[in-house]
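Engineer: Following is a predicted model, sequence given first.
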Amino acid sequence: MQSGTERPTNVRTRIFALACGTSWLLYLHRYTFALIKPQIAEEWHLGSDDLGLLDSGFSLCYTVCQVPLGVAADTLGVHLVLTGMIVVWSIGLGMHAWATTTTQLWYARGLLGAGQSAVFAALNRISRQWFAPAVRTTLQGFVAVTAGRIGGMSANLLFGSLLLGLFDLPWRTAVYLFAGLGLAHAAAFFVLFRNTPQEHPRVNEAEARLIAGDDATVPNVAAVAASRMTVRQLLAGLTSRGLVNLLAVNVQMILSTFADNIYSNWIPLFLWQVHGLGDTERGAYSALPLFGGAAAGVIGGLLNDWFIRRTGNRRWSRSGVAMAGKGMAALLLFTALAWYDRPYVFCTFLFFVKLFGDWSLATTWGVVTDIGGRATATVFALNNAVAGVALVGAPALFGYLAKEFGWYSVFVTVGVTYVLCALSWLAINCTIPLFEPTEANERRE
């Protein structure tokens, strides 16, 4: 059959499933520690501040490894780099069950953080290589937000309510089961994924053209490999205007990550310490906000793409969606504090807080793809590395505030952070690229 009339293959759907599965597994594993904090606190006589420092250990390694692994994904390809990261973080999760001292547990937290560090940077690059521009932000919302939040929700329901609660498994056994699932996913990713459509043996030319979104001639595998940017080319193409714009993106990412830490690390412990809930109830109530986050991925991505098509204004379509979401999250969180003493009502409010707060994450992915160009994994990793300031600081601060002033003060702090994050979107312009056009870089070389 001639290339002009052949029907496109559908390999991109498999790649989409792998990307969603990776995001789901990442949060499934990451949220597990929040669910075993009560057991660890009792077993090793640790306070909220001690647990916060263990979370900071995860965040420190997560931050330090972001940029090196993001650059590796851009220069070496996602296939091997992401496979390796899944293996590393799964081993790190298993070490949580193996550890017998807080020092060993800190190393386990660090290995988990290192393995998960640049995963979303790699997934962002996958979205650029495998999804057509017209639907990219919608699909990024599914991958980055919906699948991830469902993973966190699954941790609360599967690990907390089911394995620990209903089946009454020892927490170490449950951790080993989750670690084995991670290694199985790494094997599947290695076998089924390729860096680009042109490198995948099952992708025909019609599908490659469909993904490209135009009728341009699709390059062959050798041309794709030759076009990968070197570290020297990445640095040579930076623009001062693009760097200032990236700084604004970094600021909002720090604030957003700081606020989000309450859901990833602390809700189960809050429900245990303040309301005395057991494993089953903690798992169910902790999952409520993450239902909202899962819906946010779909809504945020669709809103971005719809407003861009409707208005033709990419900058304010993206910034407006994100600003509205963070602003509503702040308003709803301050309202929820009126029901602080009623955990079911309070967590139901958090469903809507997370819904509005998280739909800006699809915008962030879209902005990074817009400004990052061919170096999107590196730019995403740099953005996440800077956000590591919040990842390291938030657990320590929230643990301290909870111990000294109570959990009410922690939620007030999160609400104020949402307000600041909403305002930060006024300074972000997704139409300003970080790098000069590729042709200019090539002439310079």
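Structural biologist: Yep, it's here. Numbers count the residues shown, from 1 in each chain.
Engineer: Which helix runs longest in the chain?
Structural biologist: The helix spanning the most residues in the chain, taking DSSP state H as the definition, is helix 279-311.
Engineer: any idea of the mean pLDDT in that helix?
Structural biologist: What helix 279-311 shows for mean pLDDT is 85.
Engineer: so after it, what's the next helix or strand?
Structural biologist: helix 314-336 (DSSP states H and E).
Engineer: Any buried residues in stretch 121-133, and which?
Structural biologist: 121-131 (16 or more other CB atoms under 10 Å). In short, each C-beta sits where N, CA and C put it, glycine included.
Engineer: which one among those residues gets closest to residue 421?
Structural biologist: Relative to residue 421, the closest of the buried residues of stretch 121-133 is residue 124; by CB to CB it sits at 19.9 Å.
Engineer: Report the contact partners of the closest one.
Structural biologist: 140, 144, 365, 368-369, 372, 376-377, 380 (CB atoms under 8 Å, 6 or more residues apart in numbering).
Engineer: same check, this time on residue 258
Structural biologist: So residue 258 contacts 390, 393-394, 417 (CB under 8 Å, 6+ apart).
Engineer: element containing it?
Structural biologist: Secondary structure assignment for residue 258, by DSSP H and E: helix 240-265.
Engineer: And the closest residue to residue 283 other than its chain neighbours, how far from residue 413?
Structural biologist: Leaving aside its sequence neighbours, residue 283 sits nearest to residue 160 (CB to CB, 6 or more residues apart in numbering; 2.8 Å). Separation of residue 160 from residue 413 (CB to CB, to the nearest Å): 25 Å.
Engineer: Give me the more crowded residue out of these two.
Structural biologist: residue 160 (30 against 17; other CB atoms under 10 Å).
Engineer: Just the contacts of residue 124: which are in helices?
Structural biologist: Filtering the contacts of residue 124 for helices - DSSP H - leaves 140, 365, 368-369, 372, 376-377, 380.
Engineer: so the residue nearest to residue 283 sits right up against residue 279, yeah?
Structural biologist: Yes: with contact defined as CB atoms under 8 Å, residue 160 reaches residue 279; the gap is 5.7 Å.
Engineer: Quick check: which ranges of this structure have low pLDDT?
Structural biologist: Along the chain, segments meeting pLDDT under 70 span 1-5, 213-237, 374, 437-445.
Engineer: picking that back up, could you tell me which residues touch both of residue 160 and residue 279?
Structural biologist: residue 35.
Engineer: Just say helix, strand or coil for residue 162.
Structural biologist: helix (DSSP: H, G, I helix; E, B strand; the rest coil).
Engineer: give me every residue that touches the closest residue in space to it that isn't next to it in sequence.
Structural biologist: In this structure, residue 162 finds its nearest non-sequential neighbour in residue 283, 7.7 Å apart by CB to CB, 6+ apart. When contacts are counted by CB under 8 Å, 6+ apart, residue 283 touches 35, 156-157, 159-162, 164-165, 268.
Engineer: By neighbours, which of those residues wins?
Structural biologist: Neighbour-wise, these (other CB under 10 Å) top out at residue 160, 30 neighbours.
Engineer: got the contact list for it?
Structural biologist: With CB under 8 Å, 6+ apart, residue 160 has these contacts: 35, 268, 279-280, 282-283, 286.
Engineer: Of these, which is the nearest to residue 201?
Structural biologist: Nearest to residue 201 among the contacts of residue 160: residue 35, at 41.2 Å, using CB to CB.
Engineer: Confirm for me that that closest one is in contact with residue 155.
Structural biologist: Yes: Residue 35 is within contact range of residue 155, at 6.5 Å (criterion: CB under 8 Å).
Engineer: okay, now residue 311: neighbour count?
Structural biologist: The tally of other residues near residue 311 (other CB under 10 Å) stands at 12.
Engineer: quick one on the thing from earlier: which members of the contacts of residue 124 define the maximum pairwise distance?
Structural biologist: 144 and 372 (14.4 Å).
Engineer: Spatially nearest residue to residue 255 (excluding sequence neighbours)?
Structural biologist: In space, and not counting its chain neighbours, residue 255 is closest to residue 421: 3.8 Å by CB to CB, 6+ apart.
Engineer: Contacts only, for residue 254.
Structural biologist: Taking CB under 8 Å, 6+ apart, we find residue 254 in contact with 386-387, 389-390.
Engineer: Most neighbours among these, which one is it?
Structural biologist: residue 387 (26 neighbours).
Engineer: just checking, that residue touches residue 249?
Structural biologist: No: between residue 387 and residue 249 there is no contact under CB under 8 Å: 9.9 Å.
Engineer: Tell me the one among the contacts of residue 124 nearest to residue 60.
Structural biologist: Relative to residue 60, the closest of the contacts of residue 124 is residue 380; by CB to CB it sits at 19.3 Å.
Engineer: count of neighbours near that closest one?
Structural biologist: With other CB under 10 Å as criterion, residue 380 counts 30.
Engineer: Does it touch residue 120 like I think?
Structural biologist: Yes: Residue 380 is within contact range of residue 120, at 6.4 Å (criterion: CB under 8 Å).
Engineer: returning to what we had before: most surrounded residue in the contacts of residue 258?
Structural biologist: residue 394 (28 neighbours).
Engineer: and it, backbone torsions?
Structural biologist: Recorded main-chain torsions at residue 394 are phi -60, psi -50, according to degrees, to the nearest 10.
Engineer: any idea how far it lies from residue 262?
Structural biologist: 8 Å.
Engineer: Neighbours of residue 154, how many?
Structural biologist: That count, for residue 154 with other CB under 10 Å as the rule, works out to 20.
Engineer: Check the gap between it and residue 389 for me.
Structural biologist: In terms of CB to CB, residue 154 sits 29 Å off from residue 389.
Engineer: got it, and residue 30?
Structural biologist: 18 Å.
Engineer: now residue 297
Structural biologist: Distance, residue 297 to residue 389, by CB to CB: 24 Å.
Engineer: same check, this time on residue 395
Structural biologist: Distance from residue 395 to residue 389, by CB to CB: 12 Å.
Engineer: same deal with residue 132?
Structural biologist: 35 Å.
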